[in-house]
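>>> Okay, predicted coordinates and the sequence, questions at the end:
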Amino acid sequence: MTTAPEAATVRLLTGDELPEAARLVGTTMLGTADPAVAQSWAGMWGGRVTHGAVEGDGRVVGVAQWFRSDVSVEGPPVPAACVTAVAVAADQRRRGHLRRLMAAELASIAEAEVPVALLVAAEWPIYGRYGYGPAIEACAYDLDAAAARFVAPPSGTIELVDPVGLQPHLEAVHEARRNWTLGAVARESYVFERIAGVVEWPGFKDDLGQRRGAIWRDDTGAVQGAVAYAVEEGWERNRPRGKATVHLLVGATPEAERELWRHLCDLDWVTTVHAGGRGVEDPLPHLLADARAAAQVDRFDCIWARVLDVPRVLGARRSAAPGRVVVDVHDDLGYAAGRWSLDLGPDGADVSTTTDVAEVHLTASELGALAFGGTSARRLQQAGGLAGSEPAAVARLDQLLRASPAPWAPTTF
């Protein structure tokens, strides 16, 4: 008679265990098992909260990690826990490691008084079980540079810069972009260093040799936009068919982003501009005389949200049209559970517990999906969600929480 293997202990990992954890993440996500690469990633994990499922012999068989940041909303930015590096060894499936890792992560996030957790889900069915919902979408655009004609005349000036010169501008403009972008997450300086092409991400086949950068200055000479991109040569019937791939394009103003798109379309020999990870309501097509020159070629769930503190998260939202709705949240883990009065307007929000009759019933996962206004409450109800809710109240909740334009996270983690 065989006995079931003992459950691995879930606990915080020590610094000495981080390289093994990084190697596990790399191999599980079909990356490299190179110990040097794992050591490099472990070096970037300092200061993060990393839980591991550890067997009795010290083998790390599961990992989950989070780091503190903040996410932009209409009110003051909300502290956020960015969950990443989640992996379970291939020979350790179906043993409850992920469930216990997620429980430990959420408990530590709540203990740190961080009101919302964010993650990028590799697979859709996994994280709804832990109260996460698909909150912020992203898309990709293919831009026909040869056909693109911008409606507005050119403005300001473009300046080509090398990766070292680009990095501080990219970081500063991203921070300015966050001020008017719901769903944007604050990032560490080393992220922009790698996006700019100063150094490559450990273990990734990068295009540093083809990396380019440009900034846009307004009429006062102030830098208001920055773009990091790579170029690829191509020919067809002795005619240039080059491609520019955008790694990050951000502007402190819409005008700055328009001029950066124009710059990419004006590059010699470039006939296609590809940009992934853009907002699903990016104004790009409407900048053009023929919007079909900018084709949205992909759209996907990008950032999932798990609300832990309802008043702090929804209390930071704003609504152009004032209104109130009472929601009842069912949360198996208890963090967001309760009956809540959501009273939102253009100048602020009052979110508090109430004994009033609930008008909308939703799960923690549905709450996460709605939290940043990227998902429609009415759409969820039409799909069979928000069970038992009043349609008129769902429409009112949609009006209060739906964001326009849709939320966007310019970088992921």
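On my side now, so go ahead.

>>> Run through who's touching the helix or strand harbouring Q381.
Using DSSP states H and E, Q381 maps to helix 377-382. Under the criterion Cβ atoms under 8 Å, 6 or more residues apart in numbering, residues 360, 362, 366, 369-370, 386, 389, 391, 394-395, 397-398, 401-402 lie in contact with helix 377-382. C-beta here means a position set from N, CA and C on the backbone, and glycine is covered the same way.

>>> Okay, now the unreliable bits of this protein?
Along the chain, the parts satisfying pLDDT under 70 run over 1-6.

>>> Can you give me the domain assignment for it?
9-119, 139-299, 309-401 (automatic domain parsing).

>>> With distance to W408 as added columns, please give these in TSV.
TSV is the format used below for these (distance: least, Cβ to Cβ, whole Å):
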stretch	distance to W408
domain 9-119	10
domain 139-299	3
domain 309-401	9
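
>>> about what we covered before: just the CA coordinates of the helix holding Q381, formatted as CSV?
Only the C-alpha atoms of helix 377-382 are listed here, as CSV (Å, rounded to 0.1, in the frame of the first residue of the first chain):
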residue,chain,number,x,y,z
ALA,A,377,-21.2,44.8,-15.2
ARG,A,378,-24.0,44.4,-17.7
ARG,A,379,-21.8,42.2,-19.9
LEU,A,380,-21.0,40.0,-16.9
GLN,A,381,-24.7,39.7,-16.1
GLN,A,382,-25.5,38.8,-19.7
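
>>> Compute the distance from the centre of that helix to the centre of its chain.
Distance of helix 377-382 from its chain centroid, counting by Cα atoms, centre = their mean, to the nearest Å, is 23 Å.

>>> Going by neighbour count, list what's buried in it.
Of all the residues in helix 377-382, those buried under the rule 16 or more other Cβ atoms under 10 Å are A377, L380, Q381.

>>> Over to stretch 328-347?
Applying 16+ other Cβ under 10 Å to stretch 328-347 flags D328, V329, D331, L333, Y335, A336, G338, W340, L342, D343, L344 as buried.

>>> Identify, from those, the entry nearest to G96.
Nearest to G96 among the buried residues of stretch 328-347: L333, at 15.3 Å, using Cβ to Cβ.

>>> Can you classify that closest one by secondary structure?
At L333, secondary structure determined by DSSP: H, G, I helix; E, B strand; the rest coil is coil.

>>> who touches it in this structure?
The contact partners of L333, taken as Cβ under 8 Å, 6+ apart, are A103, L106, Y130, G131, A364.

>>> Report the distance from the helix or strand hosting V25 to the chain centre.
Assigned by DSSP H and E, V25 belongs to helix 18-28. Taking Cα atoms, centre = their mean, one finds helix 18-28 lying 22 Å from the centre of the chain it belongs to.

>>> again with stretch 86-94
24 Å.

>>> Buried residues in that stretch, which are they?
Buried, per 16+ other Cβ under 10 Å, within stretch 86-94: V86, A87, V88, A89, Q92.

>>> List the buried residues for the lengthiest strand in the chain?
The strand that spans the most residues within the chain, counting by DSSP state E, is strand 294-307. For strand 294-307, the neighbour count (16+ other Cβ under 10 Å) marks A294, D301, C302, I303, W304, A305, R306, V307 as buried.

>>> same question, stretch 71-87
For stretch 71-87, the neighbour count (16+ other Cβ under 10 Å) marks 71-74, 77-87 as buried.

>>> Ok, stretch 366-373 next?
Of the residues in stretch 366-373, those buried (16+ other Cβ under 10 Å) are E366, L367, G368, A369, L370, A371, F372, G373.

>>> which phi and psi does the last one have?
Here is the backbone geometry of G373 (degrees, to the nearest 10): phi 80, psi 10.

>>> Would you check how far apart it and R258 are?
The spacing between G373 and R258, counted by Cβ to Cβ, to the nearest Å, is 24 Å.

>>> just to revisit the earlier point, between the buried residues of stretch 86-94, which is nearest A275?
Distances from A275 to the buried residues of stretch 86-94, taken as Cβ to Cβ, are shortest for V86 (27.1 Å).

>>> any idea which element the closest one lies in?
Using DSSP H and E, the element containing V86 is strand 78-88.

>>> List the neighbouring strands of that strand plus their orientation.
strand 60-71 (antiparallel), strand 116-119 (parallel) (DSSP bridges).

>>> Select, out of those, the one closest to V161.
Here strand 60-71 is closest among the strands paired with strand 78-88 (Cβ to Cβ), at 26.6 Å.

>>> Specify the angle between that closest one and helix 18-28 in degrees.
Angle, strand 60-71 to helix 18-28, by axes from the mean of the first three to the mean of the last three Cα atoms, to 10 degrees: 90 degrees.

>>> roughly how far is strand 60-71 from the heart of the chain?
That offset, for strand 60-71, works out to 14 Å (Cα atoms, centre = their mean).

>>> Could you tell me which residues within it count as buried?
V60, V61, G62, V63, A64, Q65, W66, F67, S69, D70, V71.

>>> now the angle from that strand to strand 294-307?
In terms of direction (the same axes, to 10 degrees), strand 60-71 departs from strand 294-307 by 100 degrees.

>>> From here on, call the first residue 7.
OK, 7 is where the count begins now, so the last one is strand 66-77.

>>> so what's the residue nearest to E199 when sequence neighbours are not counted up against?
Excluding its sequence neighbours, the residue lying closest to E199 (Cβ to Cβ, 6 or more residues apart in numbering) is Q173, at 5.2 Å. Going by Cβ under 8 Å, 6+ apart, Q173 touches F198, E199, A202, V204.

>>> Return the subset of the residues you listed lying in helices.
Within the contacts of Q173, residues falling in helices by DSSP state H are F198, E199, A202.

>>> Please pick the buried ones from the residues you listed.
Buried members of the ones in helices among the contacts of Q173, counted by 16+ other Cβ under 10 Å: F198, E199, A202.

>>> ok, the second one touching V205?
Yes - in this structure, E199 is within contact of V205 by Cβ atoms under 8 Å, at 6.2 Å.

>>> coming back round to it: and the next element down the chain from the helix holding Q387?
Downstream of helix 383-388, the next assigned helix or strand under DSSP H and E is helix 397-407.

>>> And that following helix, what's buried?
Neighbour count says helix 397-407 has A399, V400, R402, L403, D404, Q405, L406, L407 buried, by 16+ other Cβ under 10 Å.

>>> just the helices in the stretch 7-156 of the chain please.
Using DSSP state H, counting those that start in this stretch, the helices of the stretch 7-156 of the chain run over 24-34, 41-50, 103-117.
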